[in-house]
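**Student:** give the three-dimensional model of this entry:
(2 chains)
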Number of protein chains: 2
Amino acid sequence: MRGYIHIYTGNGKGKTTAALGLSLRAVGAGKKVFFAQFVKGEIYSEVKAIQKFLPGITIKQYGLKCFIYEKPSQADIDRARKGLKEVSEVILSGKYDVIVLDEANIAVYYNLFTDEELINIIRQKPEQTEIIITGRYASDKLIEFADLVTEMKEIKHYYNQGVQARKGIES
Amino acid sequence: MRGYIHIYTGNGKGKTTAALGLSLRAVGAGKKVFFAQFVKGEIYSEVKAIQKFLPGITIKQYGLKCFIYEKPSQADIDRARKGLKEVSEVILSGKYDVIVLDEANIAVYYNLFTDEELINIIRQKPEQTEIIITGRYASDKLIEFADLVTEMKEIKHYYNQGVQARKGIES
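**Tutor:** Sure, this is the predicted structure:
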């Protein structure tokens, strides 16, 4: 069975959550999942849930505690590049059926690594491996390369009403 | 903490999966989740994963094995209406922090129940309860009523290349 390349992008809520749901569905079918979080380093509720309940999902973070707002620091770059190297080994190992690269689009957007570097790694994946890439601002090259692209489009968001991110819902 | 009403709609992949991911994140934060699936009756991998790994999520299905393609049968309607009644009791009970009404938009679209019936039930929810509604074709009234609306927009889909739904990825 051939594995495909998915991208979940756009400014709406639901990108990382869709990747999480996909991972949950995959372990329900007995698949093994590697969930790499770029840019993020904070222990969100999703990390706790995976560690506590879902041994079929390996989750690793390659970011700092705070998100990048303007210019990435050298530490941001170092973490992301270390992540890319590890993920590359994980992809080539063939040990995982589904590999999530959460916020990889953001890592590319901030030039932590390039879309071409990412594409070159993914091209070497075992045939059956499914790759899930999330994050705003997916690059044109990545969109062109992917098999499935969904744009999560914000129609309405309560952040605009001043609501903050809440534990267990957004974080 | 006030709970909000989310809608995940549109023709792209990622609506039910986002609701699943949200449920996973919620149990990671110690919340209790009720996941109602309208229209669906088949045991998808997500149901297996929840039953096996996530005791904090109660999942119930209120549909038949096959999806509605043209006109719903009386059995489709009966199941959905039974579901709406049960969900109404679940919402009023206050026992759950997050309640997912998966494919409720489709149930409204096929007139299994109306958006007004659904809105009247949700209006009575305990303040802190979070409600997640998924499915294509969200009605204007539901969009107006919700606090957060994301449209999952299909940019590219491998179904268009003839790929069938695969266990552990789509089902």
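**Student:** please enumerate the strands of chain A.
**Tutor:** Along chain A, the stretches classed as strands by DSSP state E are A:5-9, A:33-40, A:57-64, A:98-102, A:130-134, A:148-156.
**Student:** among those strands, which is nearest chain B?
**Tutor:** Nearest to chain B, of all these, is strand A:148-156, at 3.7 Å by Cβ to the nearest Cβ. Every C-beta, even on glycine, is put in place using the N, C-alpha and C of the backbone.
**Student:** quick one: residues contacting A:Val100.
**Tutor:** A:19, A:22-23, A:33-36, A:132, A:134 (Cβ atoms under 8 Å, 6 or more residues apart in numbering or on different chains).
**Student:** show me what it is bridged to.
**Tutor:** Beta bridges link A:Val100 to A:Phe35, A:Ile132, judged by DSSP bridges.
**Student:** now do A:Leu148
**Tutor:** A:Leu148 forms beta bridges with A:His6, as assigned by DSSP bridges.
**Student:** buried residues in the longest helix along chain A?
**Tutor:** Using DSSP state H, we find that the single longest helix of chain A is helix A:74-93. For helix A:74-93, the neighbour count (16 or more other Cβ atoms under 10 Å in any protein chain shown) marks A:76, A:79-80, A:83-84, A:87-88, A:90-91 as buried.
**Student:** and stretch A:151-167, how far from the chain's centre?
**Tutor:** With Cα atoms, centre = their mean, to the nearest Å as the basis, stretch A:151-167 stands 20 Å off its chain's centre.
**Student:** meant to ask about stretch A:29-47
**Tutor:** Chain-centre distance of stretch A:29-47: 8 Å, with Cα atoms, centre = their mean.
**Student:** just the endpoints, please. Distance across it?
**Tutor:** Distance between the two ends of stretch A:29-47: 20 Å, counting by Cα to Cα, to the nearest Å.
**Student:** okay, now the unreliable bits of chain A?
**Tutor:** Within chain A, the ranges that satisfy pLDDT under 70 run A:66-69.
**Student:** middle-most residue in it, spatially?
**Tutor:** Nearest residue to the geometric centre of chain A (Cα atoms, centre = their mean): A:Asp102, 1.0 Å.
**Student:** any idea which of the buried residues of helix A:74-93 is closest to chain B?
**Tutor:** For the buried residues of helix A:74-93, the nearest to chain B is A:Ile91 (17.2 Å; Cβ to the nearest Cβ).
**Student:** surely that closest one meets A:Lys125?
**Tutor:** Yes: contact criterion Cβ atoms under 8 Å: A:Ile91 and A:Lys125 qualify, at 5.0 Å.
**Student:** ok, now which ones touch the nearest residue to A:Gly94 once chain neighbours are set aside?
**Tutor:** Leaving aside its chain neighbours, A:Gly94 sits nearest to A:Pro126 (4.4 Å; criterion: Cβ to Cβ, 6 or more residues apart in numbering or on different chains). The contact partners of A:Pro126, taken as Cβ under 8 Å, 6+ apart, are A:3, A:91-92, A:94.
**Student:** in the residues you listed, find the pair that's most separated.
**Tutor:** Maximum pairwise distance among the contacts of A:Pro126 (Cβ to Cβ): 13.9 Å, between A:Gly3 and A:Leu92.
**Student:** joint contacts of those two?
**Tutor:** A:125-126.
**Student:** follow-up on the earlier one: which other helices and strands contact the longest helix of chain A?
**Tutor:** Under the contact criterion of 3 or more Cβ pairs under 8 Å, 6 or more residues apart in numbering or on different chains; DSSP states H and E, helix A:74-93 touches strand A:33-40, strand A:57-64, strand A:98-102, helix A:104-109, helix A:115-123.
**Student:** give me that answer again for 7 Å
**Tutor:** Judged by 3 or more Cβ pairs under 7 Å, 6 or more residues apart in numbering or on different chains; DSSP states H and E, the packing partners of helix A:74-93 are strand A:33-40, strand A:57-64, strand A:98-102, helix A:115-123.
**Student:** do you know which of those lies nearest B:Tyr8?
**Tutor:** Nearest to B:Tyr8, of all those, is strand A:98-102, at 18.1 Å by Cβ to Cβ.
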